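Trainee: What follows is a predicted structure for the sequence shown.
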Amino acid sequence: MPWELVSVPASEIESDTSQWSQERSKPEVRIIGKYGGNDYEVVIDPSYLLGLKFRQCQMNLDYNPTQPGERRKAIYGTYNATRKARDQWLQHAANVLHEELARAILSHDISVCIPS
């Protein structure tokens, strides 16, 4: 089952006293990064999600960055706003994947290339 994408208020992720301060380092939780202003995108293993709900961790379970808000729909029309939202998020996702891949390659290559 694919991981769930949710948004979490930055104030929760960045605080050392919030419930998320304990959750953010667990292997079932992966913080993708800040996106769209004051929220972080977070992916969560679906088997772990119920526990987060039970502990009442603040998160937006209905988060869908590929769907535009009403303001964008009013400006661009529904079709164009949806297309722009999808294109923008896909570009963001590609950038995140590129950064993660580069980091993994560099950390692996550097450790392999250092003579012992």
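Mentor: Cool, the structure landed.

Trainee: Which residue, other than its chain neighbours, is closest to the residue nearest the centre of the chain?
Mentor: Averaging the C-alpha coordinates of the chain gives a centre point, and the residue nearest to it by C-alpha atoms, centre = their mean is residue 41 (2.4 Å). Closest residue to residue 41 in three dimensions, ignoring its sequence neighbours and counting by C-beta to C-beta, 6 or more residues apart in numbering: residue 32, at 4.0 Å. To be clear about C-beta, it is placed using only N, CA and C from the backbone, and glycine gets the same treatment.

Trainee: Tell me how far that neighbour lies from residue 3.
Mentor: Look at residue 32 and residue 3: by C-beta to C-beta, to the nearest Å, they are 10 Å apart.

Trainee: any shared contact partners between the two?
Mentor: With contacts taken as C-beta atoms under 8 Å, 6 or more residues apart in numbering, residue 32 and residue 3 have residue 43 as neighbours in common.

Trainee: how about the helix-or-strand element of the chain with minimal mean pLDDT: buried residues?
Mentor: Every helix and strand of the chain was ranked by mean pLDDT, DSSP states H and E. The lowest is helix 78-113, at a mean of 77. Using 16 or more other C-beta atoms under 10 Å as the test for burial, helix 78-113 gives 81, 82, 85, 89, 92, 93.
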